[in-house]
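Trainee: Structure for this input, please:
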Amino acid sequence: MVSRLLLGSLLLLASVLPAGSARADEGMWPFNRLPAAQLQRKYGFTPSEEWVRHLQRSSVRVGGGCSGSFVSASGLTLTNHHCARDCITRLSSANSDYVQRGYYAKTGAEERVCPGYEIHQLTEVRDVTARVAQATRGLDGDAFHTAFKAESARIEKECATSDDLRCDVISLYHGGAYELYQYRRYRDVRLVFAPEEAIAFFGGDPDNFNFPRYDLDLTFLRAYDSGKPAVTPDHLSMAKTPLQANDLTFTSGNPASTERLKTIAELEQVRDYDLIEILLSLARYRGFLIEYAKRGPEAARFAESDLFGVENGFKAIRGEHRALLRPELFGQLEQSERDLRARVERDPALKKKYGGAWDAIAGAVAARRGLEPALSWIEAPGSARPPWARTPLMSWARALVRGADERLKPNEQRLEEYADARLPGLTQQLLAPRPLNRPFEIAKLAFGLSQLREELGADHPFVKQVLGKASPDELARELVGGTKLDDVAERKRLWEGGKAAIGASKDRMIQLALAIDATGRELRARYQNEIESVLTKNSELVAQARFAVYGQSAAPDATGSPRISFGTVRGWREHGKLVSAFTNLGGAFERATGRFPFALPQSWLDKQKQLNVAIPFNFVTDNDIIGGNSGSPVVNRQGELVGLVFDGNIHSLGGTYGYDISVNRMVAVDARAIAHTLDVIYGAKRIESELSAAPPH
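Mentor: Below is the predicted model of the structure:
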């Protein structure tokens, strides 16, 4: 079992930070590495061990990568509407569209299961750096990757002693340190309340990543255990003291990924190749979805969910790309690397140990370009499916085919996603019910196959293998028409039947996944052995060089693991004008036009006179966040809930690569607006009573 989280070992940062390292308030900190000295020095506040432990256990990871928090002793969980949108969509039908009209379970019996959803609560952490280092010492290439993967799988399996636990080996500082995170898995998650999307995403894409905002972007879920509401003694209580400008705030969540410590060679690859390709792909898919949605009400309902994600992703990626194009930001990143490399070069011992790491990384980056575009379009490492196969049917087929082979191997030799510690979560996702619209799946697949042919060329062997003599539209119809994978019982039969069942299957999706599996595996093996292993090993060396020169004075890059950031409630100056930190409920009615996306739902129009329009609605802080923080709780010094993160401003999109405290802002729903609208507009008395119950501490 993992040892207790060492909350008493909060890092005391050096009083003077090195050139090019973190500025005040920058960073998304692991709970066991919170910079206590920095907090005390700037804010006169040092969180106690109990304060940190309580926030850590009250904060959760929700669904496929969002954040959330327990807000009652009975598993009630607060997150964003857009984080639960997939659940709400799956529970909807043409006659009961809960995305549009909202949902409220007035009794426990009406709380509905979110298919495939999980809630993960971080319980314990242990440092495993020495163990990983010992397993990989002196190794390169394939041998390094194999040893690293095997040792990580062993560590995770030892930790995950039941299906109620998930364990992940987390890389910090790009391999400078490794920690084992153990999570409590709640596998039964149910929908309790969701407002109408018209108010959850009021302002739509035009307002996305902007401020002022007027969004009630929230959903209440509930974690269940053995068929009953989970017992969650660690949960957040609603704040008793009104939030004000300049108040200290903390945000806890699961920021997905930052690249502030990556090398310049890697960042140039991202700027000059990767982000451009992603933007082009998203733009094309967005055009397809907009056209498809015009085919009728049901077509629009199914396309809408994908379109929401695509438009959000396009705007975010565009902001990241613009940030890397800014000479001042990229110049700072280049200067930081030059300073570190110069310090290493001046010390013979450091030069001998770490001096070649940057060139090795640059070589691996160049080698990866030699595998593109085949790598991205055939295998897409780290993804459930390559971009041409956007239908869930191909994700399921790929998981079933590979799972049949991988589960026959020793745990240490499997692909990472099929390791014993990951199988319970994969199985739950694979066997979760998901309603599909076959015409939509055919259209998506036909579009994807056309893109595959365009990207790789009609004469590419893989394109010929997939399409044969068929057109993209013909093959898409044949594949979707010849599969039963949208039936949970059929997926379960194939999963449990293993290799024999897969080999005997006449399912067209399964047959295609079998036919192309070897090509994908070959590309993945080349990527892992020739590129990923070099990047992993030499990134560790760069991190160790940074530690040797500067110490661990900066926060590690975000990795999708639990983090905490801190800052204050304050606006910023835009084009010479001050943007206020708060909006109020009345502003939503002033901004409303009655036309999409600025049309308030009828429930709000009906209750306008009963609302206290002066109550704060949304607010901004200078907390350092990134994608994945959606649904994060915002708490005050007392550890009480004051808000719910749902967005950042447009300047925050560059936060993947750097943080500018003068303009980067986090956007949140004010807890006072949550309580008031639940009462006046929705009459959600059952939720109100849980939120107002006496806290456990």
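
Trainee: Tell me the backbone dihedrals of the residue of the chain positioned farthest from its centre, please.
Mentor: The outermost residue of the chain relative to its centre, with distances by C-alpha atoms, centre = their mean, is residue 348 at 41.2 Å. Dihedral pair for residue 348: phi -60, psi -40, per degrees, to the nearest 10.

Trainee: repeat for residue 26
Mentor: Backbone torsions of residue 26, given as degrees, to the nearest 10, read phi -80, psi 140.

Trainee: tell me the contacts of the closest residue to it other than its chain neighbours?
Mentor: Setting aside the residues directly before and after it, residue 26 is nearest to residue 659 in space (C-beta to C-beta, 6 or more residues apart in numbering), at 4.4 Å. The way it works is simple: take the backbone N, C-alpha and C, and place the C-beta from them, glycine included. Taking C-beta atoms under 8 Å, 6 or more residues apart in numbering as the definition of contact, the neighbours of residue 659 are 23, 26, 27, 260, 624.

Trainee: Can you name the next helix or strand after the helix or strand encompassing residue 441?
Mentor: With elements delineated by DSSP states H and E, residue 441 resides in helix 438-456, which encompasses its position. On the C-terminal side of helix 438-456, the nearest following helix or strand under DSSP H and E is helix 461-467.

Trainee: Can you give me the buried ones in that following helix?
Mentor: Residues of helix 461-467 classed as buried by neighbour count (16 or more other C-beta atoms under 10 Å): 462, 463, 466, 467.

Trainee: helices and strands around the helix holding residue 441, which ones?
Mentor: With contacts defined as 3 or more C-beta pairs under 8 Å, 6 or more residues apart in numbering; DSSP states H and E, helix 438-456 has these neighbours: helix 275-293, helix 297-325, helix 392-406, helix 461-467, helix 472-481.

Trainee: Among the contacts of residue 659, which pair sits farthest apart?
Mentor: 23 and 260 (11.5 Å; C-beta to C-beta).

Trainee: Of those two, give the one with the bigger neighbour count.
Mentor: Neighbours were tallied for residue 23 and for residue 260 using other C-beta atoms under 10 Å; the higher tally belongs to residue 260 (20 against 13).

Trainee: May I ask which helix or strand encompasses the more buried one?
Mentor: Short version: residue 260 belongs to no helix or strand, going by DSSP H and E.

Trainee: if we can go back for a sec, quick one: which of the buried residues of helix 461-467 is nearest residue 235?
Mentor: residue 466 (49.7 Å).

Trainee: correct me, but that closest one touches residue 456?
Mentor: No. Using C-beta atoms under 8 Å, residue 466 is not in contact with residue 456, being 9.6 Å away.

Trainee: What's the local residue count around residue 535?
Mentor: Here the neighbour count serves as a burial measure; for residue 535 (other C-beta under 10 Å) it reads 20.

Trainee: Report the secondary structure state of it.
Mentor: The three-state label for residue 535, taken from DSSP: H, G, I helix; E, B strand; the rest coil, comes out as helix.

Trainee: Quick one: residues contacting it.
Mentor: With contacts defined as C-beta under 8 Å, 6+ apart, the neighbours of residue 535 are 266, 361, 364, 365.

Trainee: could those residues go into TSV alongside secondary structure, neighbour count and pLDDT?
Mentor: Below are the contacts of residue 535 laid out as TSV (DSSP: H, G, I helix; E, B strand; the rest coil; neighbours: other C-beta atoms under 10 Å; pLDDT from 0 to 100):
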residue	secondary structure	neighbour count	pLDDT
266	helix	20	98
361	helix	22	98
364	helix	22	97
365	helix	20	98
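
Trainee: can you give me the helices for the stretch 501-650 of the chain?
Mentor: 508-526, 533-550, 585-591, 602-606 (DSSP state H, counting those that start in this stretch).

Trainee: most packed of the ones you listed?
Mentor: Mean neighbour count, computed with mean count of other C-beta atoms under 10 Å, is highest for helix 533-550 among the helices of the stretch 501-650 of the chain, reaching a mean of 21.
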